[in-house]
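In: let's see this in three dimensions:
(chains A, B and C)
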Amino acid sequence: MFCYYRHTDSKEVFKMTDRIVFHIDANSAYLSWEAAYRLQHGASVDLREVPSIVGGDQAKRHGIVLAKSIPAKKFGILTGETVHSAFEKCPELIMVPPCYHRYIIASDSMVELIRGYSPSVQRYSVDEVFLEYTDKSVPFMTAAMEISRRIKNELGFTVNIGISSNKLLAKMASDFTKPDRIHTLFKEEIQDKMWPLPVEDLFMVGSRTKGKLNGRGIFTIGQLARLDRDYICSWLKKPGLLIWEYANGIENSPVISGSVPLKSVGNSTTLPFNVETKDEAYKVLLAISEMIGLRIRNLNMCGNVISVALKNHLFYSYSHQKKLMLPTDSTNNIYRTSIRLFDEMWQGEPLRNFSISLSQLESNDFFQLSLVEKYNKKEHLLDSALDDIRLRYGQKSVYRSCFLYSGIDPVIGGVLEEESYPMMSGSL
DNA sequence: TCTGGGGTCCTAGGACCC
DNA sequence: TCTGGGGTCCTAGGACCC
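Out: So this is what the prediction gives:
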């Protein structure tokens, strides 16, 4: 037993030989938040009670399902499938477009409430939070029930809470039956609660790894757990060792309450049509460069490596990257490098997706003082002036004339607010 | 009426240096 | 003529997560 209650006289005491970690996961977050918001603003239907999805984009029935209600799930609708296919399964489906700004607000409120229960709280993603439970005066289950109840009453949506002695097991536990449930998954429960699950339910086993494992007769987490350690290491290398340890409940990363440094900034777009000319492709790359430039300057950072990735009309993807001589935060520099990389790899086939990313980031404090002043003062002044206008009056308040009548947005991509919270990584 | 957009981390091969 | 080995950087691609 790693954790138990003992009744002595009238007092309930619990003794721990291990950590207590909570994983708190908002149930179908985007959809719940959308539903809660709409109810608070006078809507008569609760989206959670009818077949509904969050997804698509401006073009009506284009894009994918980002979140689904439980009634929608009953029609066999899956997260990530095309909106088109979802409507085939359920023609009366209600679809609402995503509103990320709203979700950040909901997410912030959830994190704020949870912070009241521990000094050590990690926002793992927009809808997931880890909490290291250290309060010896209140049993963890009492605290979990209170958090769950308060989020429901005060914020208007439900969560699943997983409880264990490490982050991995807590996360696996929160994924058991939903919604509005609290589950434990302590070490001694692994065999009963986790090992019978299909191997793809394990964190970090995606479709490719599932295929490889199934190909060798491994279908459950338990089967993976019982493999020989050296065998899985030599077969699937480091990721293999990782999932083998996860299958055995081995994981000991800390709950990180601070922010972790951003490693890269990127934007991408999938167009609803094929891009067939270099001229059009350049415009898309410029529009993306504008957004990355704006974001990186807004962060007071600059980056050393620019990479461009393309997907052709068959959705086959490939990429090229370039390490720069000097770090940059200039829109023009990002754009010029991007089109050079584009020219290197484009064979003339129709394209559907464009993505640019800036990585090997560093603070631009030193850079700004020492280099940019001499190097590209004019460009820098222009960028700053445009940033001010766009941040104040909106992204499309000012744009380059080449976009007029082009059918291409002058600035592509999102994520301007709230760059500050850490992104999750595969190793938890 | 086909396919989002934001990230992180790992690997393998080649170049280059000592 | 024989043909070392380690370390680091750069690049392309792949896998995974929400």
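In: what parts of the stretch 151-300 of chain A come near DNA strand B?
Out: Counting by Cβ under 7 Å from any atom of the strand, the stretch 151-300 of chain A comes close to DNA strand B at A:237-239, A:262-270, A:272, A:291, A:295. Every C-beta, even on glycine, is put in place using the N, C-alpha and C of the backbone.
In: spatially nearest residue to whichever residue of the stretch 151-300 of chain A sits closest to DNA strand C (excluding sequence neighbours)?
Out: Here the residue of the stretch 151-300 of chain A nearest DNA strand C is A:G206; by Cβ to the nearest atom of the strand that distance is 2.3 Å. With Cβ to Cβ, 6 or more residues apart in numbering as the criterion, A:G206 has its nearest non-adjacent residue at 7.5 Å, and that residue is A:E200.
In: any stretches of the stretch 1-150 of chain A with poor pLDDT?
Out: Across the stretch 1-150 of chain A, the stretches falling below the confidence threshold (pLDDT under 70) are A:1-17, A:58-61.
In: for the spatially most central residue of chain A, list each beta-bridge partner.
Out: Nearest to the geometric centre of chain A sits A:S125, at 5.6 Å (Cα atoms, centre = their mean). Beta bridges link A:S125 to A:E128, judged by DSSP bridges.
In: so which bits of the stretch 1-150 of chain A are right by DNA strand B?
Out: Contacts of the stretch 1-150 of chain A with DNA strand B, taken as Cβ under 7 Å from any atom of the strand, map to A:57, A:60-64, A:66, A:80, A:82, A:84.
In: just to revisit the earlier point, most surrounded residue in the residues of the stretch 151-300 of chain A next to DNA strand B?
Out: Neighbour counts for these, by other Cβ atoms under 10 Å, peak at A:M291, which reaches 26 neighbours.
In: can I assume it is in contact with A:I412?
Out: Yes: using Cβ atoms under 8 Å, A:M291 makes contact with A:I412 at a distance of 5.8 Å.
In: overlap in contacts of the two?
Out: In terms of Cβ atoms under 8 Å, 6 or more residues apart in numbering, A:M291 and A:I412 are both contacted by the residues A:N267.
In: return the residues in contact with A:L169.
Out: Taking Cβ under 8 Å, 6+ apart, one finds A:21, A:162, A:185-187, A:190, A:194, A:249, A:251 in contact with A:L169.
In: try it again with 10 Å
Out: A:21, A:23, A:162-163, A:184-187, A:189-190, A:193-194, A:203, A:246, A:249-251 (Cβ atoms under 10 Å, 6 or more residues apart in numbering).
In: which element is A:Y117 on?
Out: Element membership of A:Y117 [criterion: DSSP states H and E] is none; it lies in no helix or strand.
In: can you pull the contacts of it?
Out: A:22, A:24, A:131, A:133-135, A:138, A:140, A:143-144, A:146-147, A:150.
In: list buried residues within the residues you listed.
Out: Those of these that meet the buried threshold are A:22, A:24, A:131, A:133, A:140, A:143-144, A:147, by 16 or more other Cβ atoms under 10 Å.
In: restricted to helices, list those residues.
Out: Those of those mapping onto helices are A:140, A:143-144, A:147, per DSSP state H.
In: count the residues that sit near the residue nearest to A:G206.
Out: Using other Cβ under 10 Å, A:E200 is surrounded by 15 other residues.
In: try the one 4 residues further on
Out: As a burial measure, A:M204 scores 13 neighbours (other Cβ under 10 Å).
In: tell me how far it lies from A:G162.
Out: For A:M204, the distance to A:G162 equals 16 Å [Cβ to Cβ, to the nearest Å].
In: tell me the SS of A:I412?
Out: Using DSSP: H, G, I helix; E, B strand; the rest coil, the structure places A:I412 in coil.
In: next up, the contacts around the nearest residue to it once chain neighbours are set aside.
Out: Residue nearest to A:I412 in three dimensions, not counting chain neighbours: A:A287, with 4.2 Å by Cβ to Cβ, 6+ apart. Shown in contact with A:A287 (Cβ under 10 Å, 6+ apart): A:267, A:269, A:335, A:354, A:356, A:399-400, A:402-403, A:406, A:408-413.
In: what ranges do the strands span in chain A?
Out: With strands called from DSSP state E, chain A shows them at A:3-8, A:11-16, A:21-26, A:52-55, A:65-68, A:94-96, A:121-125, A:128-132, A:159-164, A:182-184, A:264-275, A:301-312, A:317-328, A:351-363.
In: ok so, going back, the residue nearest to A:G206 touches A:K212, doesn't it?
Out: No: the criterion here is Cβ atoms under 10 Å, and A:E200 misses it with A:K212 at 11.3 Å.
In: give me the low-pLDDT residue ranges for the stretch 251-400 of chain A?
Out: In the stretch 251-400 of chain A (pLDDT under 70), the answer is A:366-375.
In: get me the contact residues on it for DNA strand C.
Out: Contact residues, the stretch 251-400 of chain A versus DNA strand C (Cβ under 7 Å from any atom of the strand): A:305, A:307, A:317-323, A:344.
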